[in-house]
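K.L.:
build me a structure from this.
(2 chains)
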Amino acid sequence: MKENYSRQVQLPSGVVHVYAGSELFNALDYQVFQMANNNLQIPNQVYMSYTPDVHVGVGTCIGTTAVWNMHNGYVSPSIVGSDIGCGMRVHMTNLHKDELKEVKLRRKLVKTIEKYLPVEDHARGHFSDIRLEHIVTKGLHGLPKKYIPDGYTPRKATSLTHVESSKFSMDENALNRLSSQVWHRSHRQLGTLGNGNHFAEIQSIEIAEENREVAEAWGLFDGQVVIMIHSGSRAWGGSVSQTCSSDMLKVMRMNGLGTADPKLLFAPLEHSAAQTYVNLMYSALNYAVVNRHLIAYAIREAGKDVFGSKFEMTTLYDLMHNYAWEEKHEGQSYFVHRKGATRSLPPGHPDNPQPYLTTGHPALIPGSMGTASYIMVGATDGKANFHSICHGAGRIRSRSATKRLITLNEFASSMRVGTDEEIVVNQRSLESILDESPQAYKDVDQIIESVVGAGLAKVVAKCKPMATVKGAK
DNA sequence: ATGTTC
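P.N.:
Numbers count the residues shown, from 1 in each chain, chains lettered A, B, ... in the order given. Here you go, the predicted model:
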């Protein structure tokens, strides 16, 4: 029998589209549907969906795509979530995995990365010469030239073309809402990973045969070492959410707006509180993109230390999975929220950045620690889901439950500790990051199978972890 | 996720 990867679930408040194979669908918690039902109570919503990695979050599930028309739209800080602009970046190196065969060399690389990319708790970045007000208002365009090196992409252009967006235009007046303490802290944090599920990983790739042409057009080759980065807007984005929430609540109370969940915040787009939030959210998107860019810059410096000046780390792509912005779909303007969902445009879609117009842009999907990650490309049928796909494996266990149920030995064996294939981790104790063990997550291969089965995207390359850098808590 | 949470 043919597996069904796409369902419409009718709830009292409306329909949620669920993209998941039967096994994943049947394993979904009822709370996920309760949450959808609350989210669907926000007025004028035109579409809501879940990707197969969906799991419960605050106000809204991680794995949600929620869409409004521009002319009568709403924005919801709860749907965007607190780590505004969190996303992925992949850089391609000119190394083959055989050059990192020695565990000792992987350890040396990780150690050197820590020199340029501080990972201790409350780490300060090494970028005090960068002006924060330039970054948050102009994104990558606010960086001094030295941080935008030439030949940073396959076509030797600057890296500004190889991102979902190099700049989110915003009204600078909104920035006055943030305290000087937030400015100070965020300046120091620039170029740091953070903790939780954030990481920088050294991986080797296996190209998917059926999409070899696309992979090679992007500059990928079999056995290539790539650097995958997962990070967000650090304290800046969290402060934006917090700062805006009281205003949002006030607007909701004054207009008689609300759902069954008091934690679900939203306001009509045209309202001034909504506009302030959107502007500040865009500042956080700018921060997050720059932050990942600087993390890559730091790793590149470390790579040059270890492998010499011939070491290259060209940008494949950078994109987000926590954000909301305006998009055109078949000529119509929509306000699209993605919380733990990744945009994945197909070949020929006009919103692809110029270098990826004919192939579609890379969509970067992390697995959990010790498991594979994926480089995907959108498929035409993805338009049914506003070109949204999954953002990763998706949690199945809370952090506390993972610590209670999973042993250090189980974690160590999934990291192949003590073998030649060991996935080297920078943290001295696996115990400190036990809540990130792969046993806390769904099986990423199964998630990808659902996305491909539903016709939303295709696999271009599978990325296998060789070494991981995590922040301390 | 987050310098959390007085």
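
K.L.:
A:His187 contacts A:Ser128, doesn't it?
P.N.:
Yes: taking contacts as Cβ atoms under 8 Å, A:His187 lies within contact range of A:Ser128: 7.3 Å. Where you see a C-beta, it was placed from the backbone N, CA and C, and this is true even at glycine.

K.L.:
those two - which one has more neighbours?
P.N.:
The neighbour count for A:His187 versus A:Ser128, taken as other Cβ atoms under 10 Å, is higher for A:His187 (18 against 10).

K.L.:
and the nearest residue to that one once chain neighbours are set aside, how far from A:Tyr282?
P.N.:
The shortest distance from A:His187 to any non-neighbouring residue, by Cβ to Cβ, 6 or more residues apart in numbering, is to A:Leu132 (4.5 Å). Per Cβ to Cβ, to the nearest Å, A:Leu132 is found 15 Å from A:Tyr282.

K.L.:
kindly report the same for A:Ile84.
P.N.:
Between A:Ile84 and A:Tyr282 the distance, using Cβ to Cβ, works out to 9 Å.

K.L.:
also A:Asp435?
P.N.:
Applying Cβ to Cβ, the value for A:Asp435 to A:Tyr282 is 31 Å.

K.L.:
so those two - more neighbours on which side?
P.N.:
A:Tyr282 (26 against 20).

K.L.:
the strand or helix carrying that one: how far from the chain's middle?
P.N.:
Assigned by DSSP states H and E, A:Tyr282 belongs to helix A:272-307. Chain-centre distance of helix A:272-307: 12 Å, with Cα atoms, centre = their mean, to the nearest Å.

K.L.:
buried sites along the helix or strand that it is followed by?
P.N.:
Using DSSP H and E, the helix or strand that follows helix A:272-307 in sequence is strand A:313-320. Of all the residues in strand A:313-320, those buried under the rule 16 or more other Cβ atoms under 10 Å are A:313-320.

K.L.:
try stretch A:398-416
P.N.:
So for stretch A:398-416, counting by 16+ other Cβ under 10 Å, buried means A:402, A:406, A:411-412, A:414-415.

K.L.:
now do stretch A:443-450
P.N.:
A:443-444, A:447-450.

K.L.:
what residue in the stretch 201-350 of chain A comes nearest to DNA strand B?
P.N.:
A:Ala235 (3.8 Å; Cβ to the nearest atom of the strand).

K.L.:
pretty sure A:Val336 sits in a strand.
P.N.:
Yes: the assignment for A:Val336 by DSSP: H, G, I helix; E, B strand; the rest coil puts it in a strand.

K.L.:
spatially, what comes nearest to A:Ala174 if we skip its sequence neighbours?
P.N.:
Closest residue to A:Ala174 apart from its sequence neighbours, by Cβ to Cβ, 6+ apart: A:Asn279 at 3.8 Å.

K.L.:
how about the contacts made by that neighbour?
P.N.:
Residues in contact with A:Asn279 (Cβ atoms under 8 Å, 6 or more residues apart in numbering) are A:170-171, A:173-174.

K.L.:
which two in these are spaced the farthest apart?
P.N.:
Comparing every pair within the contacts of A:Asn279 by Cβ to Cβ identifies A:Met170 and A:Asn173 as the most remote, at 9.4 Å.
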